[in-house]
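Student: 3D, please:
(one chain, ligands or ions: 1)
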Amino acid sequence: MLPVVVVHGGAGQIPKERSEMSTAGVCRAARAAYSILQGGGSSMDAVVEAVSLLENDPSFNAGCGSVLNVKGEVEMDAIVMDGKMLRSGAVSAVRNIANPVQLARLVMDKTSHACLTAEGANQFASAMGVPSVPQESLITEYSQMRWKKNLTPDADPVECQMGKMGTVGAVAVDGEGNISCATSTGGMLNKMEGRVGDTPCIGSGGYADNNIGAVSTTGHGEAIMKVTLARLILFHMEQGQSVEAASDLGLAYMRSRVHGLGGVVTVDPRGHWAVRFSSRQMSWAAAQKDTLHYGLYTGEHYTQSINAH
Ligand SMILES: CC(C)C[C@H](NC(=O)C[C@H](N)C(=O)O)C(=O)O
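Tutor: Alright, predicted model coming up:
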């Protein structure tokens, strides 16, 4: 069954004309991460590679392409977790960084802390030699257009929020049975300055435990935090539920209890995997054995040979 990688590109609604770019992005990320696993690389290397590629891809709400806060600025959140020793690293409200997920990994590997925020995270980045990039390099015409549209007096806030998708995440199990997760986001469009979402919060934006499995989440962060969605799903798996059933139970609870919508990618230690969402859509891709799996709308599941390009 092993190894496997499963990637998501956000639970928000995506205009039809942008759906192909989104599917192409998650497929490329899943392939790249899977070739690391096939080469004997670790699940942590695989998820960080997948998420870095998606951060670099302007069609997603992470890194370049992040949604803008109320002041029209980019503040990003990211997390990684290593299921072997339950080590994790996160950054929140970080600015001027191309790959927040890599900074999160440095927090895990090079500090005794689990999360660094805002200026402190940026100071740590420069101490680690991570280059600072101009904010303009993270802002796209599309993200600026969405932000401006959102500020017009007759804007429908729900429509605007759903019009921009693309939080990104990945879970993987490597050949040694080690499990990791990573998640990265620009957050919610028009968020207050300093707002921290679910993504960098352990157990909400992601969780990995070699004994149980791993989850990476996307959706309305304030709702995800209320139910600690990633850990809730793993709790159901500890109780004997399958990856699919546990993911559905977690998402159903979030919907009924706090009216929250979202999506998850989930793996267990044997390499079973699931992609589930309560939103209308979530772009996703998975790679296992010689097959690439991908989809966008509910019930969609395409496959192709991993070697086909
Ligand atoms: C409207 C929502 C479903 C879109 C979704 N956003 C996130 O996942 C945001 C992240 N969880 C946070 O709260 O910071 C997306 O980017 O696809």
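
Student: Show me what residue of the stretch 201-309 of the chain gets nearest to the ligand.
Tutor: Nearest residue of the stretch 201-309 of the chain to the ligand (CB to the nearest ligand atom) works out as residue 221 at 2.2 Å. (Glycine included, C-beta is placed from N, CA and C.)

Student: isn't that residue right up against residue 200?
Tutor: No - contact criterion CB atoms under 8 Å: residue 221 and residue 200 do not qualify, at 9.8 Å.

Student: Specify which residue of the two has the higher count of neighbours.
Tutor: When neighbours are counted by other CB atoms under 10 Å, residue 221 and residue 200 differ, and residue 200 comes out ahead with 34 against 27.

Student: Contacts only, for that one.
Tutor: Residue 200 is in contact with 77, 78, 79, 90, 91, 92, 104, 115, counting by CB atoms under 8 Å, 6 or more residues apart in numbering.

Student: For the first one, the count of nearby residues, please.
Tutor: Neighbouring residues of residue 77 were enumerated by other CB under 10 Å; the total is 31.

Student: for the second one, same thing?
Tutor: Residue crowding around residue 78 was assessed by other CB under 10 Å; the count is 34.

Student: List the strands paired with the helix or strand hosting it, with their directions.
Tutor: Using DSSP states H and E, residue 78 sits within strand 76-82. Neighbouring strands of strand 76-82 in its sheet, by DSSP bridges, are strand 87-94 (antiparallel), strand 179-185 (antiparallel).

Student: what is the mean pLDDT for that strand?
Tutor: For strand 76-82, the mean per-residue pLDDT is 98.

Student: Now do that strand: distance to the chain's middle.
Tutor: Chain-centre distance of strand 76-82: 8 Å, with CA atoms, centre = their mean, to the nearest Å.

Student: quick revisit: nearest to the ligand, out of the strands paired with strand 76-82?
Tutor: Checking the strands paired with strand 76-82 against the ligand by CB to the nearest ligand atom gives strand 179-185 as the closest, at 4.5 Å.

Student: Could you list the buried residues of the closest one?
Tutor: With burial defined by 16 or more other CB atoms under 10 Å, the residues of strand 179-185 counted as buried are 179, 180, 181, 182, 183, 184, 185.

Student: Just list the residues touching the last one, thanks.
Tutor: Counting by CB under 8 Å, 6+ apart, residue 185 touches 61, 62, 66, 76, 77, 78, 167, 168, 197, 199, 205, 218.

Student: what do you get for residue 272?
Tutor: Applying CB under 8 Å, 6+ apart to residue 272 gives the contacts 1, 242, 243.

Student: Please settle this for me: is residue 263 part of a strand?
Tutor: Yes - residue state for residue 263 (DSSP: H, G, I helix; E, B strand; the rest coil) corresponds to a strand.

Student: what sits opposite it in the beta ladder?
Tutor: Note on residue 263: beta-bridge partners by DSSP bridges are residue 218, residue 277.

Student: just checking, it touches residue 274?
Tutor: No - shown here, residue 263 and residue 274 do not form a contact pair, counting by CB under 8 Å, at 10.8 Å.

Student: which one of those two has more residues nearby?
Tutor: residue 263 (28 against 22).

Student: From residue 232, how far off is the more buried one?
Tutor: For residue 263, the distance to residue 232 equals 14 Å [CB to CB, to the nearest Å].

Student: go on, residue 59?
Tutor: For residue 59, the distance to residue 232 equals 29 Å [CB to CB].

Student: Also residue 180?
Tutor: 19 Å.

Student: got any ranges where the stretch 151-300 of the chain has weak pLDDT?
Tutor: 153-164 (pLDDT under 70).

Student: Among the contacts of residue 272, which are located in helices?
Tutor: Using DSSP state H, residue 243 are the members of the contacts of residue 272 that sit in helices.

Student: Can you go through the contacts of residue 272 and name the buried ones?
Tutor: By 16+ other CB under 10 Å, the contacts of residue 272 give residue 243 as buried.

Student: Quick one: work out the angle between the helix or strand harbouring residue 125 and strand 87-94.
Tutor: If you go by DSSP H and E, residue 125 is part of helix 118-127. If you take axes from the mean of the first three to the mean of the last three CA atoms, to 10 degrees, helix 118-127 sits at 110 degrees to strand 87-94.

Student: tell me what helix 118-127 is packed against?
Tutor: Contacts defined by 3 or more CB pairs under 8 Å, 6 or more residues apart in numbering; DSSP states H and E place helix 118-127 against strand 87-94, helix 100-110.

Student: Lovely, talk soon.
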